[in-house]
Structure formats: C-alpha cells, structure tokens
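In: Quick one: sequence and predicted model below, then my questions.
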Amino acid sequence: MEKQKVISKGQKAIPEGYMTVGEVAKKMDVTVRTLQHYDREGLLSPSAVSEGGRRLYTDRDIVKLHQILSLKHLGFSLDDIKNRLIPLDTPSEVAGVLSEQAAALRRKIDSLSDSLKDLELLREEVLNMQTVDFKKYADIIVNLQMDNEFYWLIKHFDDEMLDHIRTRFDKDSGQAFMDTFLNLQEEALRLKKANVPADSSEGQQFAKAYWEMITEFTGGDMSMLPRLMELGQFDGADSDWKNKQADAGAYVGQVLEVYFSRLGINPFQEDAK
C-alpha cells in the first residue's frame, strides 16, 4: 500500500486528479464513516492528505474501493478481503476461496429458508391460539427446529403439561421420546390390523413397551397419565391424526387392560385416589 503524501503548503484548492472523502462517498454511494473505517482497518487508505489533514483519493483508490464493495456484496468480511483475498497470487487460489464462500452462502441460504418456513408456521399457530404465550411460542420453535411434524400439538397443552415436559426432557431426549411414541403408535396400528390378540405374547410385549414409554414420560407423576392418554383428541386437531390416534388407542387400551390385570394394578384408579 502506498504511503500517504502531503500536498505542498499553501495549496488550498484540491489538486487535479484528487477527490475529497466526501466526493468519493457521494460518487460510490457509501458513507464518509465507511471510508474512515476502511482507512483505520488498513484496507483503503487515501493516496494523499492535504496540509489541513483532509483525506484525498485518486481514481486508483476508486478502483480499489469498487473491488472491496464488490467482494463485500458476495458476503466476504473486511477481514477476509484484507487477509485472505488480497494476498492471493494465483487464479486457482482465488477460485478456492470463492468456492468456500459459495458453500458458506449456501448454508446461510438453507438456514434462512428454514427460518422463513418456521416463521410462517409459527404465525399460523399464533393466530390459532388466539392468545399471547411466549413460553408456548418458544416450545413450538424448538419443535420446528427438531423437524417435529407434530409441533402444532403444543398449543393444546396446558401450562402444567408443558412445565412437566420442559423439566423431564431436553431437546435430544424429547426428540427420542417423540420417535418412540410415534413408532409405538404405528406398531399398535399394525398389530390391530393383523388382529393380534391383546392377551397374546406379542400383544403383551407391546403393552410392556408402551407402558414403559408412558412411565418414562410421567416420571412417576400419574397426574400426567390422563393427559397423555388423550393425546391427539383435541378440538381442532387434524382429522387424520385423530383417526389414527383413535385406532391406535383402541388397541393400546385392550393390551394395557390385560397387562394391568396380570400385574394386579390399576394406575388410573391409583391416580384417582
């Protein structure tokens, strides 16, 4: 980078071929503060400084500024431009850095697309809820980030249920529980369709797995049990979801009845006490 030159004393007018910082800012549609920042960062220093301390630029500076602004438009940071791009000597090196930047921008585009989709879905849920509840909004956003297609169930849970879920599960364990629940629901539908008897070995193995899943959810708090058993039967719930839950629930009820009978317990009755 060229050293700054001082215009000779007594020369008040701007010499031919030089421009003030204000003129450059106007010409290139940037702010004076931006140019001052580039100077401080050592990215674009003026070619000269007048006796009065005014920064003076040349056409060569304009060309360099154009390059900086163009690279910034591609998403490069000032540090990237100064320390990674400008020192490069070969086209292949420049092409490599450009490829890295392209990949970073693709990741950013994907992330922004996901955020836009989540915003639109959250907006629908907010309107459906007809109330302001930022705790539920946060839970919905977390489930959207997890790609949980049943994020809409959140709005039907009361505060006690949501507080219980927040206490019992983090993001990873919550996703694992939801996967288990959905897999068991599908298994219930399969067994029902295959007419597998509730008191058969296969039916009771399923009942044991289902009850273990419920016990994991409740953590021993049986007051949560009725809410969990009603999952999906909310007013306004998707009809396909409700139908699947009803079919699965019918089989689950049968196998659990046999399961509890053989164990000699009635968890619903215990909860009522």
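Out: On my side now, so go ahead. Residues are numbered from 1 along each chain as shown.

In: Need the per-residue pLDDT for Met224.
Out: Here, the pLDDT recorded for Met224 equals 71.

In: List the residues that contact it.
Out: Residues in contact with Met224, defined by Cβ atoms under 8 Å, 6 or more residues apart in numbering, are Met161, His164, Phe217, Thr218. Backbone N, C-alpha and C define where each C-beta goes, glycine included.

In: Check Ser47 and give its pLDDT.
Out: 91.

In: need the contact list for the residue lying closest to Pro46 once chain neighbours are set aside.
Out: Once flanking residues are discounted, Pro46 sits nearest to Arg55: 3.9 Å by Cβ to Cβ, 6 or more residues apart in numbering. By Cβ under 8 Å, 6+ apart, the contact set of Arg55 is Thr20, Val21, Leu35, Asp39, Pro46, Val49.

In: For those, which PyMOL command selects only the ones that are buried?
Out: To isolate the buried members of the contacts of Arg55 in PyMOL, using 16 or more other Cβ atoms under 10 Å:
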select buried, resi 20+21+35+46
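
In: Any idea how many residues pack against Asp139?
Out: Asp139 has 19 neighbours, counted by other Cβ atoms under 10 Å.

In: Tell me the spacing between it and Met178.
Out: Distance, Asp139 to Met178, by Cβ to Cβ, to the nearest Å: 13 Å.

In: same thing with Pro91?
Out: In terms of Cβ to Cβ, Pro91 sits 50 Å off from Met178.

In: Which of the two has more residues huddled nearby?
Out: Comparing Pro91 with Met178 by other Cβ under 10 Å, the one with more neighbours is Met178, at 17 against 8.

In: was I right about that one contacting Glu149?
Out: No. At 9.6 Å, Met178 and Glu149 do not qualify as touching, with contact defined as Cβ atoms under 8 Å.

In: got the contact list for the residue most central in space within the chain?
Out: For the chain, the residue nearest the mean C-alpha position is Gln145 (5.2 Å; Cα atoms, centre = their mean). By Cβ under 8 Å, 6+ apart, the contact set of Gln145 is Asp114, Asp118, Lys171.

In: and the least confident of the residues you listed?
Out: Lys171 (78).

In: how many neighbours does it have?
Out: Neighbours of Lys171 (other Cβ under 10 Å): 11.

In: how much space is there between it and Asp163?
Out: For Lys171, the distance to Asp163 - Cβ to Cβ - is 16 Å.

In: Apart from its neighbours in sequence, what residue is nearest Phe260?
Out: In space, and not counting its chain neighbours, Phe260 is closest to Asn266: 5.9 Å by Cβ to Cβ, 6+ apart.

In: And that neighbour, its phi and psi?
Out: With angles defined as degrees, to the nearest 10, Asn266 sits at phi -140, psi 90.

In: Assess the claim that it and Glu257 are in contact.
Out: No. With contact defined as Cβ under 8 Å, Asn266 does not reach Glu257; the gap is 9.6 Å.

In: Surely His66 and Met28 touch.
Out: Yes. Using Cβ under 8 Å, His66 is in contact with Met28, at 7.2 Å.

In: in which helix or strand would I find Lys108?
Out: Assigned by DSSP states H and E, Lys108 belongs to helix 91-129.

In: For that helix, buried residues please.
Out: So, applying 16+ other Cβ under 10 Å, buried residues of helix 91-129: Gln101, Asp118, Leu121, Glu125, Val126.

In: Off-centre distance for it?
Out: 10 Å (Cα atoms, centre = their mean, to the nearest Å).
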